[in-house]
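Q: sharing a sequence plus its predicted fold:
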Amino acid sequence: MYTEKVMDHFTNPRNVGEIENADGEGTVGNPTCGDVMTIYIKVKDNVLEDIKFKTFGCGAAIATSSMITELAIGKTIEEALKITKNHVAEALEGLPKTKMHCSNLAADALKAAIENYKSKK
Amino acid sequence: MIYMDHSATSPVKKEVFEVMKPYLKESYGNASTFYSLGREAKVAMENARENVAKLIGANPEEIIFTSGGTESDNIAIQGIAYKLQSKGKHIITSSIEHPAVIETCKGLENKGFKVSYLPVYKNGIIKISDLKKAIADETILITIMHANNEIGTIQPIAEIGEVAKKHDIKFHCDGVQSVGKIPVDVNKLNVDLLSVSAHKLHGPKGVGALYIKKGTKLKPILFGGGQENDLSPGTENIPGIVGLAKACEIAKLELENNFTYLTNLQEKLIDGVLDNIEESYLNGDREKRLPGNVNFRFTGIEGESIVLMLDSKGIAGSTGSACSSKKLTPSHVLKAIGLEDLDSHGSLRLTIGMENNEEEVITVIEEIKSIVETLRSMSPLWKKK
Ligand SMILES: Cc1ncc(COP(=O)(O)O)c(C=O)c1O
Ligand code: FES
């Protein structure tokens, strides 16, 4: 039911972990099934220099977390804020219908981390 | 591959497949016809009825063949409900039944029946005192499963049956998980109706049986050509029926042996995981449990991820996590034993079968240990103390 791309990101997730002294940190919970994702960002000259994540959730939740870090690293804050759940799902070559809400979580966590960064400035 | 999902379904035994084959090829007759090909099918079916009856201590006339556990549950529950509705419209069941029972009860609620769902407490077992309290003048049916498909807990069926008998209430038991794995004797268990499914005991999918105690009247819910006492009409699935019977025959011969073998592997798996992985727990009663059934939970991680990772290591298991369900709700069974949603998230069910061995159990323990570590290292909810 998952694409190969999803399974790849699930079994070899990119950028797992925490960033010490992160510039921004966002945690969101999923109202649908109760899963939790935290994203840490390091920002330099308005660019997302490093991103790490921790996720408690299903295969899709882990894969979307991993994918969004790949999509966002190297982007400016403005560019990163434009990443939607659909971008993540597309980059993963599709998600099952019941799993679309998981990619929501990834997009929201990234936004929350960026908001947190902005609020600190 | 290491297959440890026998409660979902089990592989068809070679001997079962062999007896089925002729009825798919040369002996393809319709059992309702009178020429020799049809008679052959009819004879095979009646022999099959005897073998199924023998496994559960019934008479062959008390067995009807169905399309599986789901149909058996529906015929029994709706059949009694509609037959006896003039006497009363109250049904008692448990809160951990299979959807085939729960959804049937819900359907009856929509038709004006009242249903009481008995609690099962932390150990996953109902209390007879709760049952007695739930009984009312209008109670016409008690339907409670023998062994639970998720946590394997075994209900006190004989005692429930006694209570039912005393109050002159019909008693249906979903025996889909228990038949062939633990002793099931319809007379000792005091049941009026018992559901059986072939694919849980190394038979084929899509075939099952319903035991209907002599003298128990049901209102048909399916209509057709009158087969199986008008209760499960439709051209008989002879290959399936013959397969079911062979599976029952083998199960009867091997029951004791298998019980010991499976219990031993089950104990090793439970101890191996609980002793080696911190914050790992067993869901459901440890003793009153189906041999081979194990249901763990691990703090801080999610079950679908565990199952996917096990799959990537060639191990098949299942979970009651919300994420893995179509409706994105946690298992009602884990909820009923008092688990918070967050805890049932981290559940893993492994159900051992006769093809599994000790070496596989050891491999599975090691793989689970490393998977739990990996997933915890990725989890924001797991903070290493
Ligand atoms: C307890 C229980 N009842 C009923 C069923 C349904 O049986 P079947 O798949 O044969 O319809 C199952 C299996 O899925 C089960 O575990
Ligand atoms: S995180 Fe629960 S379904 Fe994906």
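A: Thanks, I have it. Ligands and ions are numbered 1, 2, ... in the order given.

Q: helices of the stretch 101-250 of chain B, start to end?
A: With DSSP state H, counting those that start in this stretch applied, the stretch 101-250 of chain B shows helices at B:128-134, B:157-166, B:238-276, listed in chain order.

Q: check which element follows the longest one along the chain.
A: The C-terminal neighbour of helix B:238-276 among helices and strands, as given by DSSP states H and E, is strand B:280-282.

Q: possible to save the helices of the stretch 101-250 of chain B as CSV with distance to ligand 2, mean pLDDT and mean neighbour count?
A: Glycine gets a C-beta too; all of them are placed from N, C-alpha and C. CSV is the format used below for these (distance: least, C-beta to the nearest ligand atom, whole Å; pLDDT from 0 to 100; neighbours: other C-beta atoms under 10 Å in any protein chain shown):
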stretch, distance to ligand 2, mean pLDDT, mean neighbour count
helix B:128-134, 33, 98, 14
helix B:157-166, 36, 98, 18
helix B:238-276, 24, 98, 19
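
Q: nearest to B:Ile140, out of those helices?
A: helix B:157-166 (10.5 Å; C-beta to C-beta).

Q: strands of chain B, start to end?
A: Using DSSP state E, the strands of chain B run over residues B:2-3, B:63-66, B:90-94, B:114-118, B:139-143, B:170-174, B:193-197, B:208-212, B:280-282, B:293-298, B:315-316, B:347-351.

Q: will you turn the helices of the stretch 101-250 of chain B into CSV that also has distance to B:Gly303?
A: Converted to CSV, the helices of the stretch 101-250 of chain B look like this (distance: least, C-beta to C-beta, whole Å):
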stretch, distance to B:Gly303
helix B:128-134, 29
helix B:157-166, 29
helix B:238-276, 14
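
Q: can I get the ones you listed in a markdown table with distance to chain A?
A: Compiled in a markdown table, these are given as follows (distance: least, C-beta to the nearest C-beta, whole Å):
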| stretch | distance to chain A |
| --- | --- |
| helix B:128-134 | 29 |
| helix B:157-166 | 35 |
| helix B:238-276 | 20 |
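
Q: among these, which comes closest to B:Ile151?
A: In this view, the helices of the stretch 101-250 of chain B are compared for proximity to B:Ile151 by C-beta to C-beta, and helix B:238-276 is the closest at 12.5 Å.

Q: what about the longest helix in chain A?
A: What stands out as the longest helix in chain A, according to DSSP state H, is helix A:100-120.

Q: does any bit of that one sit next to ligand 2?
A: Yes - judged by C-beta under 6 Å from any ligand atom, helix A:100-120 comes into contact with ligand 2 through A:Cys102.

Q: how many neighbours does the nearest residue to B:Thr363 once chain neighbours are set aside have?
A: Residue nearest to B:Thr363 in three dimensions, not counting chain neighbours: B:Ile2, with 6.6 Å by C-beta to C-beta, 6 or more residues apart in numbering or on different chains. A count of neighbours around B:Ile2, defined by other C-beta atoms under 10 Å in any protein chain shown, yields 20.

Q: kindly report the same for the one 5 residues further on.
A: Each residue near B:Ser7 was counted by other C-beta under 10 Å, and the total is 26.

Q: could you check how far it is from A:Asn30?
A: Computed with C-beta to C-beta, to the nearest Å, the distance linking B:Ser7 and A:Asn30 is 28 Å.

Q: now A:Leu48
A: If you measure A:Leu48 against A:Asn30 using C-beta to C-beta, the figure is 23 Å.

Q: now swap in B:Leu210 and tell me
A: Computed with C-beta to C-beta, the distance linking B:Leu210 and A:Asn30 is 42 Å.

Q: what of B:Ile144?
A: Relative to A:Asn30, and taking C-beta to C-beta, B:Ile144 is found at 35 Å.

Q: still on that earlier bit, which one of B:Leu210 and A:Asn30 is surrounded by more residues?
A: B:Leu210 (27 against 22).

Q: so what's the more buried one closest to, chain neighbours aside?
A: When the adjacent residues along the chain are set aside, B:Leu210 lies closest to B:Ser72, with 4.0 Å between them (C-beta to C-beta, 6+ apart).

Q: so that neighbour sits against B:Val207, correct?
A: No - in this structure, B:Ser72 sits apart from B:Val207 without contact. The criterion is C-beta atoms under 8 Å, and the distance is 10.3 Å.

Q: between the two, what contacts are shared?
A: Contact criterion C-beta atoms under 8 Å, 6 or more residues apart in numbering or on different chains; residues shared by B:Ser72 and B:Val207: B:Thr66, B:Ser197.

Q: find the nearest non-adjacent residue to A:Ile19, please.
A: Computed as C-beta to C-beta, 6+ apart, the closest residue to A:Ile19 that is not its neighbour in sequence is A:Tyr40, at 4.0 Å.

Q: I'd like the distance between the one you found and A:Glu79.
A: The spacing between A:Tyr40 and A:Glu79, counted by C-beta to C-beta, is 18 Å.

Q: which one's more surrounded, the two?
A: When A:Tyr40 and A:Glu79 are compared for neighbours, A:Tyr40 comes out ahead with 25 against 14, by other C-beta under 10 Å.

Q: sheet-wise, list the partners of the helix or strand harbouring that one with their directions.
A: Assigned by DSSP H and E, A:Tyr40 belongs to strand A:36-44. Strand pairing for strand A:36-44, determined by DSSP bridges: strand A:24-29 (antiparallel), strand A:47-56 (antiparallel).

Q: distance-wise, check A:Glu49 relative to A:Ile73.
A: Distance check for A:Glu49 against A:Ile73: by C-beta to C-beta, it reads 8 Å.

Q: those two: which has the busier surroundings?
A: Comparing A:Glu49 with A:Ile73 by other C-beta under 10 Å, the one with more neighbours is A:Ile73, at 17 against 13.

Q: tell me who's in contact with that one.
A: Under the criterion of C-beta under 8 Å, 6+ apart, the contact list for A:Ile73 reads A:Asn15, A:Leu48, A:Glu49, A:Asp50, A:Ile51.

Q: return a PyMOL selection command for the buried portion of these.
A: Filtering the contacts of A:Ile73 down to the buried ones (16 or more other C-beta atoms under 10 Å in any protein chain shown) takes a single PyMOL command:
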select buried, chain A and resi 15+48+50+51
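
Q: widest-spaced pair of the contacts of A:Ile73?
A: For the contacts of A:Ile73, with distances taken as C-beta to C-beta, the pair at the greatest spread is A:Asn15 and A:Glu49 (12.0 Å).

Q: and the residue nearest to B:Asn237 when sequence neighbours are not counted, how far from ligand 1?
A: Distance criterion C-beta to C-beta, 6+ apart; nearest residue to B:Asn237, sequence neighbours excluded, is B:Val207 at 5.4 Å. In this structure, B:Val207 lies at 8 Å from ligand 1, with C-beta to the nearest ligand atom, to the nearest Å as the measure.

Q: quick one, what contacts B:Val207?
A: In this structure, B:Val207 makes contact with B:Phe65, B:Thr66, B:Ser67, B:Gly68, B:Ser197, B:Ala198, B:His199, B:Asn237, B:Gly240, B:Ile241, B:Gly243, B:Leu244, judged by C-beta under 8 Å, 6+ apart.

Q: same question, A:Thr84
A: By C-beta under 8 Å, 6+ apart, the contact set of A:Thr84 is A:Ala107.

Q: rerun at 10 Å
A: A:Thr84 sits next to A:Glu90, A:Ser103, A:Asn104, A:Ala107 when contact means C-beta atoms under 10 Å, 6 or more residues apart in numbering or on different chains.

Q: how much space separates it from A:Met100?
A: Applying C-beta to C-beta, the value for A:Thr84 to A:Met100 is 11 Å.

Q: give me the common contacts of the two.
A: When contacts are counted by C-beta under 10 Å, 6+ apart, the set common to A:Thr84 and A:Met100 is empty.

Q: can I assume B:Lys219 is in contact with B:Ile77?
A: No - between B:Lys219 and B:Ile77 there is no contact under C-beta atoms under 10 Å: 11.2 Å.

Q: nice, that's everything, thank you.
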